[in-house]
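# pasting the structure only:
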């Protein structure tokens, strides 16, 4: 089969486009497929999708702080840059744009609380905070599943840890 | 070890062993990590382009720091290190074909590198979308094993390197879709019966509703070929790594069951038709004089099914898996040790397949 666009090279990439509910199959050679995908990226790339998700915050009619003018003090990327390219500039950007990123992360992942592994070198204080959060999560689950004995145990553990943290 | 040594080597994930290796080709865990003191690769490159000559090249500094970190890791003693701007296009494509790096990584090679262990279980891309994208591949249905290996590598690197991390948002990545665990678990499945019975669309749409993604043979942006599908998690922040793997495993187990049911259905209702398709595919592979890589993959998929169902007894899964890889463009050119035009490749490909299948 030859490429639908150039008609010269053999088609090795097979695309299904849906335009106005009309399904259209395209058989392309590698070169044409690359051009086509670059065009599609421009039309509707991940960055637009992310930026679009961030835009949702404007709902409600009133003027909202969209953060476009905010700039990361470390790397100089602005929130407007992020909306355009869909990528952050450095780790510090997450702190600089925290207010605007929190709802975005929630929308992407359904959560804003990491419970997985952490770097070995993360300080002990951080580790304690993470443990505390983990215990709180477990307490929440225990309450939801009406495992009250377990919940009482967890509550005591949390109090203990909180006491230590306040003392330190 | 040199790049060419890989040619005579079967990648770990192609061995055709491991749990459920009739339907599951391989399991892969990928972790994204960034150094806290340097800008992410795209931003470092952009800044570098704008600044004066005497300013430090942050992309290069990142690369050197990570290279040192890898050299110090007790788990990465036997890795080879390639700087991408020193590789020719065939060598780069060769690594993509072996799933040791992404297609994206092979383009715009500034300050990019890849480190690969000699068994091809571990590969670490440097300055791709994130500073570090490390992956561990295993044959068959084996995500937890891959996780056990990669978490030790991650810990060993974290001794030397400071990763960008926040207690509440986890590992910080260039794109917020990867933040948190920075983990993507992927399983590559071979689902010929679901495709033949036209049930695959139903299965795939159910998967996407459960916030998992399906990709083709070569990852992001590639079309499914030869009935191969890669399924991976989308959510990376919230659940722990173990929970993410457990959820992928649950989904994969269901798909395996569906594929097995579809295979049984085909066998009981359409056995002659199935036998005909499988044996015709083998016949073409054993006799063709000119064959494209697309056709090769489609036909090998049928032969693989025939081997799974014991309709074809004299060709083992490992040989079939190997053929999928060595018949691809860069592999053919490495084997022949010269540049080949697409037409020349189609002839060489047919020759190679005949030599592998007819000696049996």
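Great, that's in hand. Not measured: the values here are computed from a predicted model.

# spatially, what comes nearest to residue B:324 if we skip its sequence neighbours?
Leaving aside its sequence neighbours, residue B:324 sits nearest to residue B:300 (C-beta to C-beta, 6 or more residues apart in numbering or on different chains; 5.7 Å). For glycine as for every other residue, the C-beta is placed from the backbone atoms N, C-alpha and C.

# quick check: which ranges of chain B have low pLDDT?
Scanning chain B with the threshold set as pLDDT under 70 gives B:1, B:51-55, B:218-224, B:359-360.

# domain ranges for it?
Under the assignment automatic domain parsing, the domains of chain B span B:3-261, B:271-357.

# helices of chain A, start to end?
If DSSP state H is used as the criterion, the helices of chain A fall at A:30-43, A:46-55, A:79-85, A:93-96, A:98-109, A:124-144, A:148-167.

# quick one: closest of these to residue B:164.
Taking C-beta to C-beta, helix A:93-96 is the member of the helices of chain A nearest to residue B:164, at 7.9 Å.

# please name the residues that touch the closest residue to residue B:290 other than its chain neighbours.
Computed as C-beta to C-beta, 6+ apart, the closest residue to residue B:290 that is not its neighbour in sequence is residue B:346, at 4.7 Å. Applying C-beta atoms under 8 Å, 6 or more residues apart in numbering or on different chains to residue B:346 gives the contacts B:290, B:291, B:292.

# look at residue B:346 and tell me its secondary structure.
helix (DSSP: H, G, I helix; E, B strand; the rest coil).

# kindly report the residues of the stretch 51-200 of chain B close to chain A.
Residues of the stretch 51-200 of chain B lying close to chain A (C-beta under 8 Å from any C-beta of the partner chain) are B:129, B:151, B:154-155, B:158-159, B:162-172, B:174-177, B:179-181, B:183.

# if you set the cut-off to 10 Å instead, what comes out?
Within the stretch 51-200 of chain B, the positions lying close to chain A (C-beta under 10 Å from any C-beta of the partner chain) are B:58, B:107, B:129-131, B:147, B:151, B:154-183.

# show the buried residues in those residues.
Among these, those scoring as buried are B:58, B:129-131, B:147, B:151, B:154, B:156-158, B:161, B:163-183 (criterion: 16 or more other C-beta atoms under 10 Å in any protein chain shown).

# sorry, back to before: of the contacts of residue B:346 - the most surrounded one?
residue B:291 (23 neighbours; other C-beta atoms under 10 Å in any protein chain shown).

# the closest residue to residue B:189 other than its chain neighbours: how many residues sit nearby?
In this structure, residue B:189 finds its nearest non-sequential neighbour in residue B:229, 5.1 Å apart by C-beta to C-beta, 6+ apart. For residue B:229, the neighbour count with other C-beta under 10 Å is 23.

# try residue B:330
18.

# against residue B:352, how distant is it?
To residue B:352, residue B:330 is 14 Å away according to C-beta to C-beta, to the nearest Å.

# what do these two both touch?
Common neighbours of residue B:330 and residue B:352, counting by C-beta atoms under 10 Å, 6 or more residues apart in numbering or on different chains, are residue B:345.

# below-threshold pLDDT in chain A: ranges please.
A:15-23, A:35-64, A:123-127, A:167-168.

# was I right to think the residue nearest to residue B:189 contacts residue B:201?
No: in this structure, residue B:229 is not within contact of residue B:201 by C-beta atoms under 10 Å, at 11.7 Å.

# common neighbours of those two, please.
B:194, B:195.

# can I see the domain layout of chain A?
If you go by automatic domain parsing, chain A breaks into A:1-43, A:45-114, A:120-167.

# picking that back up, tell me the one of the contacts of residue B:346 nearest chain A?
Using C-beta to the nearest C-beta, residue B:292 comes nearest to chain A of these, at 6.1 Å.

# quick check: next helix or strand after the longest helix anywhere in chain B?
Scanning chain B for the longest helix, with DSSP H as the assignment, gives helix B:241-287. Under the assignment DSSP states H and E, the closest C-terminal helix or strand after helix B:241-287 is helix B:293-308.

# which other helices and strands does that next one contact?
Judged by 3 or more C-beta pairs under 10 Å, 6 or more residues apart in numbering or on different chains; DSSP states H and E, helix B:293-308 is in contact with strand B:183-190, helix B:192-196, strand B:228-233, helix B:241-287, helix B:317-326, helix B:329-336, helix B:342-358.

# can you tell me what sits against the shortest one?
When contacts are taken as C-beta under 10 Å, 6+ apart, the neighbours of helix B:192-196 outside the stretch itself are B:23, B:199-204, B:224, B:226-229, B:255, B:258-267, B:270, B:273-274, B:277-278, B:298, B:301-302, B:304-306, B:308-309.

# buried among the residues you listed? Make that a ChimeraX selection.
The following ChimeraX line selects those of those that are buried, judged by 16+ other C-beta under 10 Å:
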select /B:23,199,200,203,204,224,226,227,228,229,255,258,259,260,262,263,266,274,277,278,298,301,302,304,305,306,308,309
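
# I'd say residue A:87 and residue B:41 touch.
Yes: counting by C-beta under 10 Å, residue A:87 touches residue B:41, with 9.2 Å between them.

# so which of those two has more stuff around it?
Ranked by neighbour count (other C-beta under 10 Å), residue A:87 and residue B:41 place residue B:41 first, with 25 against 22.

# now the more buried one, nearest residue through space, not along the chain?
Distance criterion C-beta to C-beta, 6+ apart; nearest residue to residue B:41, sequence neighbours excluded, is residue B:127 at 4.3 Å.

# many thanks, have a good one.
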